[in-house]
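Student: Would you be able to build a 3D model of this:
(one chain, ligands or ions: 1)
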Amino acid sequence: MNGYLDYNATTPLCQAAAEAWQAASADHWHNASSLYREGAAVNRLLEEAQMELADFLGAEEPDRVIFNSGATEANNAVLTHFARTHSGKVAISAVEHPSVAESARGLLGDRVDELPVSREGVLDLDRLRNYLEREQDVALVSLMAANNECGVIQLWREALALCQEFEVPFHCDAAQWIGKLPSEGLGDCDYVTGSAHKFGGPKGTGFLLIPEDLDRFRSLLGGPQQERRRAGTENYPAVAGMMAAWRSLEPRLSECRRLGEEHRSWAESTLEQRLPGIQFVGAGAERLWNTTMFIVPAHDNRRWLTRLNRRGIAVSTGSACSSGRENPSRVLQATGYDFSSMGRTIRVSAGWDTTMEDWQALVEALVDVHAELEERH
Ligand code: PMP
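Tutor: Residues are numbered from 1 along each chain as shown. Below is the predicted model of the structure:
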């Protein structure tokens, strides 16, 4: 049994990524800016990685790709760019990850508008249209592709089309989408964020896609790397690992989705029978095939987590970035759940090789922990 069911927090390095990282570290560890042959070779490999990445996203211009340390950096970079170079408003959804929501608030203050979501956690497109019609000076709309907590999928393609109609740039945080659903089409967005460790790649590696010919884009300042758009020596071995992980997953996605949805649907209907009163968050909307977030009928979620962990199961209380602190779930806040429900939330996020037996073990453990907690109550 594999009891690790917290893949939305992070994933283990997959074999393809480990091999690619190791090979690149052995053969192509040189500085891509160096003028000798070995440096030029790394530079060329980085360009090839840009081409492959752009191709995965369906973007035509590889030099739109900037490699960086991951989604937090990418999201901060986008918002910093808009804070520095635009005076208009930035609209984000109420369920964005803190790396969008906090950086937007910190950098743009009252220039940020938070657009509400439905009870299922989905941004209402009519609201977005009304907003774009009403507000004359919108510099950017930022909407995640899929939510890290409950897995709800946002209508980012439709939101992008609306933004194009109003000629407003559109940023999509695709950290939870990439590696779980096909990436083709994301390249139509003006800005796209991705993080390698969410799909079997190395931690501390990711990318940002920016519009073509955006010469004045600056994230980290310093050396001339990546056309001055992100200073710092490129981490080619990590980029090689990220691309290998991505490459190995893309052909598996439809099968993983089919199986994942089947397993989750079995688990949710079994839990509904065996833990009466359980509520599934966002279950009426389209969700990532690997994620289920639910509110257990009783007892603090941290008590559940400790007892599940004793049974070999690792799950989360919601956003991994919020758990362990007093931050209640952003999704539950935005979707109108009460405070008591927030303390009873559990998030399960499966991986590409999670089996029916793993889901069965989870269900048995949940039923068992419930009985134990009730007995002690
Ligand atoms: N955006 C989303 C939607 C995420 O799920 C995460 C990770 N929880 C991030 C951004 C931040 O990613 P990282 O920690 O790799 O910077």
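Student: Give me the neighbour count for the closest residue to Arg157 other than its chain neighbours.
Tutor: Nearest residue to Arg157, sequence neighbours excluded (C-beta to C-beta, 6 or more residues apart in numbering): Gly185, at 6.6 Å. The C-beta positions use only the backbone N, C-alpha and C, and glycine is treated the same way. Using other C-beta atoms under 10 Å, Gly185 has 13 neighbouring residues.
Student: So what does Gly185 look like in phi/psi?
Tutor: When quoted as degrees, to the nearest 10, the phi and psi of Gly185 stand at phi 100, psi -30.
Student: quick one: buried residues of stretch 221-241?
Tutor: Residues of stretch 221-241 classed as buried: 225-226, 228-230, 234-241 (neighbour count, 16 or more other C-beta atoms under 10 Å).
Student: So Ser142, which state does it fall into?
Tutor: strand (DSSP: H, G, I helix; E, B strand; the rest coil).
Student: hang on, I meant Gly336
Tutor: coil.
Student: okay, it: pLDDT?
Tutor: What the model reports as pLDDT for Gly336 is 87.
Student: Neighbours of it, how many?
Tutor: With other C-beta under 10 Å as criterion, Gly336 counts 11.
Student: hang on, the earlier thing: farthest pair within the buried residues of stretch 221-241?
Tutor: Arg228 and Gly241 (25.2 Å; C-beta to C-beta).
Student: OK, contacts around Lys198?
Tutor: 7-8, 10-11, 71, 175-176, 178-179 (C-beta atoms under 8 Å, 6 or more residues apart in numbering).
Student: quick one, what contacts the residue nearest to Arg157?
Tutor: 57-58, 157.
Student: same check, this time on Leu332
Tutor: 149, 281, 318, 341-342, 345.
Student: Out of these, list just those in helices.
Tutor: Of the contacts of Leu332, the ones assigned to helices by DSSP state H are 341-342.
Student: Nearest to Thr335 among the contacts of Leu332?
Tutor: Val281 (7.2 Å).
Student: Verify the contact between that closest one and Arg287 for me.
Tutor: No: with contacts counted by C-beta atoms under 8 Å, Val281 stays clear of Arg287, the gap being 9.4 Å.
Student: any common contacting residues for these two?
Tutor: Cys150.
Student: More neighbours: those two, which one.
Tutor: Val281 (29 against 23).
Student: how much space is there between that one and Ala104?
Tutor: Using C-beta to C-beta, to the nearest Å, we find Val281 at a distance of 24 Å from Ala104.
Student: Up against the ligand, what does this structure have?
Tutor: Proximity of the chain to the ligand (C-beta under 6 Å from any ligand atom) is limited to residues 70-72, 97, 99, 144, 148, 173, 175-176, 195, 197, 320-321.
Student: Which of those fall in helices?
Tutor: 71-72, 99.
Student: May I ask which of the residues you listed has the most neighbours?
Tutor: Within those, most neighbours by other C-beta under 10 Å means Ala71, with 27 neighbours.
Student: show me where the stretch 151-300 of the chain has helices.
Tutor: Assigned helices in the stretch 151-300 of the chain, in chain order: 156-165, 236-249, 253-274 (criterion: DSSP state H, counting those that start in this stretch).
Student: could you check the angle helix 236-249 makes with the longest one?
Tutor: The one in question is helix 253-274. 70 degrees (axes from the mean of the first three to the mean of the last three C-alpha atoms, to 10 degrees).
Student: For helix 253-274, give the mean pLDDT please.
Tutor: 98.
Student: Tabulate the CA atom coordinates of that helix in CSV.
Tutor: In CSV, the C-alpha atoms belonging to helix 253-274 read as follows (Å, rounded to 0.1, in the frame of the first residue of the first chain):
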residue,chain,number,x,y,z
LEU,A,253,-2.9,11.7,-18.7
SER,A,254,-6.1,10.4,-20.2
GLU,A,255,-5.7,6.9,-18.6
CYS,A,256,-4.7,8.5,-15.3
ARG,A,257,-7.8,10.7,-15.5
ARG,A,258,-10.1,7.8,-16.3
LEU,A,259,-8.8,5.6,-13.5
GLY,A,260,-8.5,8.5,-11.0
GLU,A,261,-12.1,9.6,-11.5
GLU,A,262,-13.3,6.0,-11.2
HIS,A,263,-11.4,5.5,-7.9
ARG,A,264,-12.4,8.8,-6.4
SER,A,265,-16.0,8.3,-7.3
TRP,A,266,-16.0,4.9,-5.6
ALA,A,267,-14.3,6.4,-2.5
GLU,A,268,-16.7,9.3,-2.3
SER,A,269,-19.8,7.2,-2.6
THR,A,270,-18.5,4.6,-0.1
LEU,A,271,-17.6,7.4,2.4
GLU,A,272,-21.1,8.9,2.0
GLN,A,273,-22.5,5.6,3.2
ARG,A,274,-20.0,4.8,5.9
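Student: give me the number of residues near Leu366?
Tutor: Leu366 has 26 nearby residues by other C-beta under 10 Å.
Student: so it sits right up against Arg307, yeah?
Tutor: No: under the criterion of C-beta under 8 Å, Leu366 is not in contact with Arg307, lying 9.6 Å apart.
Student: Many thanks, we can stop here.
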